[in-house]
Structure formats: C-alpha cells, structure tokens
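In: What shape does this take:
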Amino acid sequence: MTVVVLALAGPALVGAPASDAATTDDPAAAIQRQLVKGHGVRIARYSTFNSGSGWERFKPTKGVVGFGDGKVVATDLWDFQVRKAGVRDICIGKRAWEYDPKEKRPNGKKWATFKWPCALRLETGLLRLDRPAVLTAVLATTATTKASGTYDGSPTTLRQGSITFRQLWDVAPDLREGVKDDHGEWKIDWRLWIGKDGLVRRAWSKWRQPEGDKLKGATGGQGWFGFVEDVRYSDWGMKLTVNPPPAAQTIDHAKVKR
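Out: Okay, the predicted model is just below:
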C-alpha cells in the first residue's frame, strides 16, 4: 500500500488509498462503516451565498476529516476565503488551532489556539451525511436516479430530490434552530453522486433561510439568505491521524494582540 505524507506547515497527516468496500444500496450504512479510528476522508467544499445583492461564489475550503467511534472527531482544513493566502484550521474536540501564513505571531509562534465550537461533521449545507437518520430521510425524497460522472475514480449514480425543513426536523430537531415553524415547508434541493460502494463522492444542496427578526431588512427586502454548497469527497478510508501542532509553536489566542 502506497503511503503519502502531507506536509502542511504543521502536524503530519498520513494518507493511503481507500480500501475496497462491499457494494451496497445503503449510503447511510456505507458511511457509518467508514467512521472508525485512524481513518478519514478528503474534502473540497465550494460555497455560494446570496445576501440580497445577487449570488457570490466563495473560494474553496479543502483538507481532511478524521473519524473515530462512529463520528467525526477532527478536521484539518484550509479556508482560502479568509485573508489573502487563506488560513489553516485544525479542530480536535472543542479545541482549535489556526495558522495564518501571513500573520506574525509573538516569539516566532506559528499557531494560535482557542476553544471553538468545531464543526465536526460530514455535510452539504444542512444535510448531515454522517447521521444515518438524516441521510435516510434525504434519500427517501429521491425524485430521480440516473447514471452520472466519475468522481474519485468511481462511476457514480446521481440521486436528486427536495426535502422540506419540516421533514428534516422530524429526524433532527436540533437543525431547527433559527427557523420558525411557518417556514417548515421551505425546501432544500439536493443532489448526491454515489459510488458503487455506496459512498458519496459529491454532495450538492441549495436552500433559502429567512433573514429573521434580528436581521430584518438586511437583504434589502428579499427576506431570505440563499445558500449553495457543493462538496467533493475522495480517498474514503484513508489512514489519517490529525494531531495538534507542537506546543512550542503555539500561543494562546488571548495573548495575540490585534
């Protein structure tokens, strides 16, 4: 098995080709089988946002997501939308580390660390692929299924449809935050490109969310914010350990002068 070492100005990530998985028609089960310690997946996320002034495409976020005990436990991502050169964020549990190649930190430190509500999940927008109940509910709203392109070396089947907020809340009440009951029939359009092994290679979703009372008027009368997320998944099952940066290169965020 070929082993590739990724050197990204910090801790080492060890990657290897995804192992063969049994063919399955159940993507929720296929993904759950991947969520084991010492393994992960590579992602590239492309986002578009409508704030009332038209659609704006953001620069991508790319990196790796680490698994363990049936869930996502760590992420190591470069966000190229932030600052000129992008920033790298490592999240493990509730602790985050940020590396900005353009920022000089005290005493030659490279990383700032802080407590952060890390987004430890696999998703396209509001649709959680790492939660079987959510993914099963999404797939139950499939409107069309057809053979599609090849992603990550795998021919895929494209399934697409729409799910309402209310249908999503029925299986994941926590995703209801910030959306009132009278918006329950608003829809999330979705597309999933699924390999023969049942693993999602590309996940796309488009939806609107009401601007809410606190931001009323922010969209210039449009009344909603629009979102599109297009996420590519590759190297499922890669060997992966996401480690924090060396302590000698780290400084507490509170000690960094702004």
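
In: Partner strands of the biggest strand by length in the chain and their direction?
Out: The residue-count maximum for a strand in the chain (DSSP state E) belongs to strand 224-239. Take DSSP bridges as the rule and strand 224-239 pairs in its sheet with strand 39-50 (antiparallel), strand 200-210 (antiparallel).

In: buried sites along the helix or strand just after it?
Out: As assigned by DSSP states H and E, the chain's next helix or strand after strand 224-239 is strand 250-252. Under the neighbour-count criterion of 16 or more other CB atoms under 10 Å, strand 250-252 has 250-251 buried. In short, each C-beta sits where N, CA and C put it, glycine included.

In: What are the contacting residues of strand 250-252?
Out: Counting contacts by CB atoms under 8 Å, 6 or more residues apart in numbering, the residues outside strand 250-252 that touch it are 97, 105-107, 109-114, 244.

In: Quick one: mean pLDDT for it?
Out: Strand 250-252 comes out with an average pLDDT of 90.

In: how distant is it from the center of its chain?
Out: 26 Å (CA atoms, centre = their mean, to the nearest Å).

In: Now do the helices in the stretch 1-150 of the chain.
Out: For the stretch 1-150 of the chain, the helices defined by DSSP state H, counting those that start in this stretch occupy 27-34, 132-139.

In: wait, which of these is closest to residue 161?
Out: Nearest of the helices of the stretch 1-150 of the chain to residue 161, taken as CB to CB: helix 132-139 at 7.7 Å.

In: can you give me the angle that closest one makes with helix 27-34?
Out: 150 degrees (axes from the mean of the first three to the mean of the last three CA atoms, to 10 degrees).

In: Check which residues of helix 132-139 are buried.
Out: For helix 132-139, using 16+ other CB under 10 Å, the buried residues are 132, 134-135, 137-139.

In: Name the residue most distant from the centre of this structure?
Out: residue 107 (33.5 Å; CA atoms, centre = their mean).

In: Now it: closest residue in space, sequence neighbours ignored.
Out: Spatial nearest neighbour of residue 107, excluding adjacent residues (CB to CB, 6 or more residues apart in numbering): residue 251 at 7.3 Å.

In: Could you report the separation of the one you found from residue 194?
Out: 44 Å (CB to CB, to the nearest Å).

In: for residue 161, same thing?
Out: 13 Å.

In: Who has more neighbours out of those two?
Out: residue 194 (24 against 18; other CB atoms under 10 Å).

In: if I read this right, the more buried one contacts residue 201, doesn't it?
Out: Yes: the pair residue 194 / residue 201 is scored as a contact, 7.1 Å apart, by CB atoms under 8 Å.

In: okay, and the common contacts of these two?
Out: In contact with both residue 194 and residue 201: residue 156, using CB under 8 Å, 6+ apart.

In: still on that earlier bit, got the helices of the stretch 1-150 of the chain as JSON lines, with distance to residue 152 columns?
Out: What follows is the helices of the stretch 1-150 of the chain, written out as JSON lines (distance: least, CB to CB, whole Å):
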{"stretch": "helix 27-34", "distance to residue 152": "13"}
{"stretch": "helix 132-139", "distance to residue 152": "18"}
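
In: Would you mind reformatting the ones you listed (as a markdown table) and adding columns for distance to residue 122 and mean pLDDT while you're at it?
Out: Compiled in a markdown table, the helices of the stretch 1-150 of the chain are given as follows (distance: least, CB to CB, whole Å; pLDDT from 0 to 100):
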| stretch | distance to residue 122 | mean pLDDT |
| --- | --- | --- |
| helix 27-34 | 7 | 97 |
| helix 132-139 | 9 | 97 |
